[in-house]
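Chemist: requesting a structural model of the entry that follows:
(2 chains)
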2 protein chains.
Amino acid sequence: MPDLETISALAPRLRKKEISPVELTLGCLGRIEELNPTLNAFISVTADSAMAEARKAETEIVRGEWRGPLHGIPIALKDLIDTAGVRTTAASRLCENRVPEKDADVVRRLRQAGAVIVGKNNLHEFAYGGSSLVSFFGEIHNPRNAEHIAGGSSGGSAAAVAAGLCYAAIGTDTAGSIREPAALCGCVGLKPTYGRVSARGVIPLSWSLDHVGPIAASVGDAALVLQAIAGYDALDTCSANVPLSDSASACNESAKNLRVGIPRKFFYDDLDDEVQAAVEHAIATIRTVVAEVREVKLDPPTDRSVQLAESFAYHAENVARTPELYQPETLRRIRSGEKISATEYIERRRELDEERRRAGEIFAEVDLLVTPTTPIPAPKIADLKKDPAALRPAELILLRNTRPFNVWGLPAISVPCGTSNAGLPIGLQIAGPPWGEELVLRLAGAYARSTT
Amino acid sequence: MPDLETISALAPRLRKKEISPVELTLGCLGRIEELNPTLNAFISVTADSAMAEARKAETEIVRGEWRGPLHGIPIALKDLIDTAGVRTTAASRLCENRVPEKDADVVRRLRQAGAVIVGKNNLHEFAYGGSSLVSFFGEIHNPRNAEHIAGGSSGGSAAAVAAGLCYAAIGTDTAGSIREPAALCGCVGLKPTYGRVSARGVIPLSWSLDHVGPIAASVGDAALVLQAIAGYDALDTCSANVPLSDSASACNESAKNLRVGIPRKFFYDDLDDEVQAAVEHAIATIRTVVAEVREVKLDPPTDRSVQLAESFAYHAENVARTPELYQPETLRRIRSGEKISATEYIERRRELDEERRRAGEIFAEVDLLVTPTTPIPAPKIADLKKDPAALRPAELILLRNTRPFNVWGLPAISVPCGTSNAGLPIGLQIAGPPWGEELVLRLAGAYARSTT
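Modeler: This next block holds a predicted model:
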């Protein structure tokens, strides 16, 4: 992983006026201009407003009105997160010219924290899938090797962060869409507990499973962004009123009293050899910084009707009216939820509620769980393209280990844990109990420190 | 309303051993024997176990181990609330011989409080409806006038309390099924905030709308029972972890700083003249005990798809397998939810979530709302029987004012506020903000004191 500048390192220097938000923003815009033609990580670059925001941040900081660690930091948003006056497309022709009137709650919070919004990241159309190549704005390329996918659906966000086009990005994760591209691109992706970050103003894939969270260059940066965007939103019925403890300092705390569980069955099945080796090495490292590492039994949930039914419900009207505005593959996937009856949905939704209720039980035994984020590194774009039949299995395997944590609603992070011989990043997933972001960040921080 | 003995009056005397649980229980069993053939308020009378529980309570109290105000008090349960080893029928042939292995959570809590369970109350089959006469165990009669309905679906519970066959009963309320029969029979019925009382072990009508709560002889008694049965149940995904403040003492506090809202439109439309007069009189009385009474605007929610879809989902398997075991009218109602798609359900359920989220907004203006519980007194059984076409309109009007508070999930009580010339009770509904049982009980208590 190349040395990315971190917010944690920049923030004190910004505060001391050693560097300027304008300078940082110009840097990002320059790199976007240079690299985005290759990566296609941005759908819209908001250069003018970003420069205005950077100048405003600079003025405030010079006046001594420092808002906190995100003040003056260039950040990008997955292009299904509403931005007032700036088109928000969900990478779909259907929304090609959709300009929201209001910022999403998460954007409001970022602005309050003084962040500079540099643009809107490319994604898979309407957030469908982990390896789908479908975007009305073209496919996204992995900055570590442009012949490979960046993952998805928040692929543009992960690619942008990994390439240094912004210092952090906000993604969404319904089955792994933050963690999987973070793993494939070699950066950090954090899916918070369900309800931790407001999803109001974010185009949904599945209300019961959608999570909003940060993609960042380091564990500490993910924590800083989480701190800024987390919090109860009384206007979002999915938002929960549970205070977040100081997650930024958690990253620097010792993990030595933590017990770590390794759910070998399922989560460690059929791993690519290099992933296997990297993850085993990571576990050996973790063993040196925690109290205990032991194997645990964890049965993954399997049903997908809830996601399919909720997604179809959101799209039903447009699918009936203007099906031609969807990419065929996206339309096919959306329609797979069309025939689900209320009875089936209610039964599956109640099972999901029950799965989620019981998801905390494993944490009587251990404090955290560790798995590979993805069983394989990023596939080659050409391989997926020449064989459309390869797309679906790739998708299933790429999201296999992340999806259960969406059903359970548990906080989970992906951190880099190595690189394949081909130079492709490998990710380690650390998951914790409900509202246990602090624990997740403690181990992630301790692990990251022990590898540098 | 005849002078019913109250738990509030009995409890201190039980504690002082001036009266005995055995004596109270024998009294109830005697009255059940005498009156149940007319009222049909009980499906099962658990005389033997009740006597054993009463003797145990007596022994404990004599030993000085008083458990609290329900200790040794005979209480009955709507017969869709599971009782270990005692059949729980939902008034349906389908469950005629259904014997649960475990107590419902609410029963566990009652036992812990030392209550004596005297039996299982008759209801409308599977809790369908407010005026339906459908029970596999025959229709229930109003103790004030046996030619009239007791209301429903918790009709047996309200009839039993109003006739003194038990000192309180536990009912369920999906559209008004606690408050409406309480109003029609002349006792007190309290539907708590959604999530306040566990519904685990209670046969559902509609998970999103079902509420479990007390029917009692006085406001104070309803508060005492609520105190015993309320509380977080980690095993019920609908249960909320919100502490209940001391509701029993709330009943005795002054209401003089409370602002009361009167939502004239809709809730006061098309009232029976005698109901109108009684409720206006009650409002005049309330005006003397509160800070302010003013009119407010309140739009009722209308959709019923959520209830229909959830009810069908629960019954789907049995409806397919053994439709003949349902009463035809119940089967017809259940089947009306059969064709609902996941899309429609999800849309309506999200609207319900949104309605519920916004339901608290009116309480910026006023502290409480007051309406008639039912726009008409109890209809005559013969009138409903001779004209089946009359059933549905009666049902709609009888639950019209109570149903909105199930959608909103707000706490609401029905207290007696008069009697028609024909001797039929009239009920006043007092509703409050989410988790505001204390406020509801304060006004209900103050109103009841000012009328005696």
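Chemist: surely A:Gly231 and A:Leu110 touch.
Modeler: No. With the criterion set as C-beta atoms under 8 Å, A:Gly231 and A:Leu110 do not qualify as a contacting pair; they are 12.0 Å apart. Yep, even glycine has a C-beta here, placed from its N, CA and C like the rest.
Chemist: for these two, work out which one has more neighbours and name it.
Modeler: A:Leu110 (24 against 17; other C-beta atoms under 10 Å in any protein chain shown).
Chemist: so the more buried one sits against A:Arg67, correct?
Modeler: No. With contacts counted by C-beta under 8 Å, A:Leu110 stays clear of A:Arg67, the gap being 10.8 Å.
Chemist: point out where the stretch 351-452 of chain A drops to low pLDDT.
Modeler: Counting by pLDDT under 70, the stretch 351-452 of chain A shows no low-confidence range.
Chemist: what segments of the stretch 301-450 of chain A are strands?
Modeler: In the stretch 301-450 of chain A, the segments counted as strands under DSSP state E, counting those that start in this stretch are A:368-372, A:412-419, A:425-431.
Chemist: which parts of chain A sit against chain B?
Modeler: Chain A has residues A:207, A:234-235, A:237, A:305, A:309-310, A:312-313, A:316, A:337-338, A:340-347, A:350, A:353-354, A:356-357 near chain B, with proximity defined as C-beta under 8 Å from any C-beta of the partner chain.
Chemist: if we go to 6 Å?
Modeler: Proximity of chain A to chain B (C-beta under 6 Å from any C-beta of the partner chain) is limited to residues A:237, A:309-310, A:312-313, A:316, A:340, A:342-343, A:345-347, A:353, A:357.
Chemist: what's near enough to touch A:Ala359?
Modeler: Residues near A:Ala359 by C-beta atoms under 6 Å, 6 or more residues apart in numbering or on different chains: A:408, A:410.
Chemist: now it: how far from A:Pro433?
Modeler: Taking C-beta to C-beta, to the nearest Å as the measure, A:Ala359 and A:Pro433 are separated by 8 Å.
Chemist: again, but for A:Pro181
Modeler: A:Pro181 sits 25 Å away from A:Pro433 when distances are taken as C-beta to C-beta.
Chemist: isn't A:Arg200 right next to A:Val107, touching?
Modeler: No. Here A:Arg200 lies out of contact with A:Val107, judged by C-beta atoms under 6 Å, at a distance of 10.3 Å.
Chemist: these two: which has the busier surroundings?
Modeler: When neighbours are counted by other C-beta under 10 Å, A:Val107 comes out ahead of the other of A:Arg200 and A:Val107, with 25 against 19.
Chemist: list the contacts of the more buried one.
Modeler: When contacts are counted by C-beta under 6 Å, 6+ apart, A:Val107 touches A:Thr83.
Chemist: make sure it is indeed in a helix.
Modeler: Yes. Under the criterion used here (DSSP: H, G, I helix; E, B strand; the rest coil), A:Val107 sits inside a helix.
Chemist: roughly how far apart are it and A:Leu77?
Modeler: A:Val107 sits 7 Å away from A:Leu77, going by C-beta to C-beta.
Chemist: go on, A:Ser305?
Modeler: Taking C-beta to C-beta as the measure, A:Ser305 and A:Leu77 are separated by 30 Å.
Chemist: at the geometric centre of chain A, which residue do we find?
Modeler: Geometric centre of chain A, nearest residue: A:Ile178, 2.0 Å, by C-alpha atoms, centre = their mean.
Chemist: that one reaches A:Gly189, doesn't it?
Modeler: Yes. Contact criterion C-beta under 6 Å: A:Ile178 and A:Gly189 qualify, at 4.2 Å.
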